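Student: Here is my input; please provide its structure:
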Amino acid sequence: MPPASGGWPGTAGEPVTPDVLIVDALGLAAIGGILWYLRPLRKSQPVQQASDAVQSALIVVKGGYTPDTIVLQRNVPAKLVFRREEAAPCSERVVLPAFGQSATLPQGEEVAVEFLPVSRGEFWFTCHMGVLKGRIVVQ
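Tutor: As a prediction, the model looks like this:
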């Protein structure tokens, strides 16, 4: 209940009481917890360096790409293996426009896409509809 002066504690010179501080702290903690829970999860994976000097990674396609971020080294051949585990038509094809590559992904099969990343930067790979998205980071 507001004091007789018509203001809330902490305004117009009114002292802030411990109960107000506790409620404020709990409110901030609740907001922090909600923001932490809703944070975007970044699933990144540095690729494996095979003995034949090819970088490779397995990407599972099921409602998205897992992992959705692949880290590659520049000027080292790369081989991304896509395994589609769903029947959604959106995931039938993967497109890597920056590398001039695309591939049809039959359900339940592994399909390799090979290319040479020569430029540093971040590049996208998507489904043919542009709904599913993944990222390639070339260092």
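Student: and the protein, what are its domains?
Tutor: 1-39, 44-138 (automatic domain parsing).
Student: Can you tell me the number of residues neighbouring the residue nearest to residue 85 when sequence neighbours are not counted?
Tutor: Leaving out its chain neighbours, the residue that sits closest to residue 85 by Cβ to Cβ, 6 or more residues apart in numbering is residue 62, at 4.3 Å. Where you see a C-beta, it was placed from the backbone N, CA and C, and this is true even at glycine. Neighbours of residue 62 under the rule other Cβ atoms under 10 Å: 13.
Student: Pull the contacting residues for residue 62.
Tutor: 84-86, 91 (Cβ atoms under 8 Å, 6 or more residues apart in numbering).
Student: which among those gets closest to residue 30?
Tutor: Of all the contacts of residue 62, residue 86 has the smallest distance to residue 30: 35.8 Å, by Cβ to Cβ.
Student: so after the helix or strand hosting residue 79, what's the next helix or strand?
Tutor: Residue 79 is part of strand 78-84, with elements assigned from DSSP states H and E. Using DSSP H and E, the helix or strand that follows strand 78-84 in sequence is strand 93-96.
Student: chain center to the helix or strand just after that following strand, what's the gap?
Tutor: Per DSSP H and E, the first helix or strand lying C-terminal to strand 93-96 is strand 101-104. Chain-centre distance of strand 101-104: 22 Å, with Cα atoms, centre = their mean, to the nearest Å.
Student: Okay, now the sheet partners of strand 101-104, with direction.
Tutor: strand 93-96 (antiparallel) (DSSP bridges).
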